[in-house]
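S.K.: Any chance you can model this:
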Amino acid sequence: MTRPSAFTGSVEHVILEGAQRPKDLVRENRALGRVATGKVEEILRSTLQDDTPVGRFPCRPPVQMATFLTILGLGFLLGLRHATDADHVIAVTTLVTRERELRRAGMLGLFWGVGHTVTILLVGGSIILFRLTVPSRLAASMELCVAAMLIFLGIRNFITTNVPHRHAPAEGHLPASGWRRAVAVGVVHGLAGSAAIALLVLTTIRSPGLAVLYLVVFGTGTIAGMMLITSAVAAPMLYSSGRVRSFDTILRYSSGILSVAFGLFLAWQIAIA
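M.R.: This next block holds a predicted model:
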C-alpha cells in the first residue's frame, strides 16, 4: 500500500465498465469520484445551510447535531442498499437453501454481516486513518476471489445436494460449520469492497473519527439488510418445501447454477477490465 495523491475511484466501477486501458480507467474513475463526492456533499450541505466543509462542524449545536445525524442516517441507508448487491444475495442464497428454520436463515445473514463489517472496519479504517490506498491489481484480485467463491459455492450445492445432515443441530441453533461459512463469505466480500467504500468516505468526510463512525453505521445497516434478505429468501422456500416433494433439491440446484453462472460472468468482467 502507498499514500494516495488523488482519489483513485471505485473498484466496482472499474469492474463493471468493461474493457478499457488502465490509464483510461483511472482518469474516468477520478471524474466519477468527483461527481459522486459532489452529490453527497450537496446532500449534507443542505442540512448546514452555510459553507461549512463536510466533516468540520460549526459551533452551533443544533446544526452540528443535524449534520451528524444526516451522515449516520445516510450511512445506514447505504449499508442497507449495499446488502442487496447481486453477488451478496446470490452467495447467501446458496447457504440459505440448506436451512430448515427461518430463525437460522436470519442468523446466516447476521454472521455474514459480521464478517463483512469487521473486514470493512479493519481495512477501510486503515485506509482512512493512515491515508493508504489499495493498488488496482490487488483490488481486482480481491474481486476475482469473490468470483471464485461464487463458483465454489455453486459447485458445492451440486455435490452435497443429496448428502443428509449427519448431526442435526438443536432447534433454532445454527451449526458451527454454518456460521463459520457465513462469516468466511462475508469476509471475502468485505475485502473486495472495503477499498472502494473507504475511498468514497475519505473524499466526502474530512474528519477521520467521523469517517470511521460512518463505517460502523454503514456496517450495521449492511447486517440489518442481509438479515432481512436471508429471511425473505428463506420464507417462501420453507413454505413451499413442506408442500412440494423434492423442492429442496430443485432450490439447491437452481441456486447452484445461478451462483456458478454469476461467478463466471464476474470473472469475465474482471478479465476484460
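S.K.: what pLDDT, on average, does the longest helix along the chain get?
M.R.: Among the segments of the chain that qualify as a helix by DSSP state H, the longest is helix 208-241. Averaged over helix 208-241, pLDDT sits at 90.
S.K.: And for stretch 249-257?
M.R.: Predicted confidence along stretch 249-257 averages 89 (mean pLDDT).
S.K.: Give the buried residues for that stretch.
M.R.: 251-252, 255-256 (16 or more other Cβ atoms under 10 Å). Bear in mind the C-beta positions are built from the backbone N, C-alpha and C, glycine included.
S.K.: Run through who's touching stretch 220-239.
M.R.: 75-84, 88-89, 92-93, 96-97, 99-102, 105-106, 108-110, 112-114, 116-117, 120, 247, 251 (Cβ atoms under 8 Å, 6 or more residues apart in numbering).
S.K.: PyMOL command for the buried members of those residues?
M.R.: Here is the PyMOL command that selects only those of the contacts of stretch 220-239 that count as buried (16+ other Cβ under 10 Å):
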select buried, resi 75+76+78+79+80+82+83+88+89+92+93+96+97+99+102+105+106+108+109+110+112+113+114+116+117+120+251
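S.K.: mind checking pLDDT for Ile71?
M.R.: In the predicted model, Ile71 carries a pLDDT score of 84.
S.K.: does it belong to a helix or a strand, and which?
M.R.: Taking DSSP states H and E as the definition, Ile71 sits inside helix 61-83.
S.K.: Can you list the helices and strands that that helix packs against?
M.R.: Judged by 3 or more Cβ pairs under 8 Å, 6 or more residues apart in numbering; DSSP states H and E, the packing partners of helix 61-83 are helix 22-48, helix 208-241.
S.K.: before we move on, back to that, of the buried residues of stretch 249-257, which belong to helices?
M.R.: Secondary-structure check on the buried residues of stretch 249-257 using DSSP H: residues within helices are 251-252, 255-256.
S.K.: Present those as JSON lines; the columns should include distance to Ala147.
M.R.: Formatted as JSON lines, those follow (distance: Cβ to Cβ, whole Å):
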{"residue": "Leu251", "distance to Ala147": "22"}
{"residue": "Arg252", "distance to Ala147": "20"}
{"residue": "Ser255", "distance to Ala147": "16"}
{"residue": "Gly256", "distance to Ala147": "15"}
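S.K.: Can you pick out the most distant pair from those residues?
M.R.: Every pair in these was compared (Cβ to Cβ); the two farthest apart turn out to be Leu251 and Gly256, at 9.4 Å.
S.K.: Show me the shaky parts of the stretch 101-250 of the chain.
M.R.: In the prediction, the stretch 101-250 of the chain carries residues with pLDDT under 70 at positions 161-176, 241-245.
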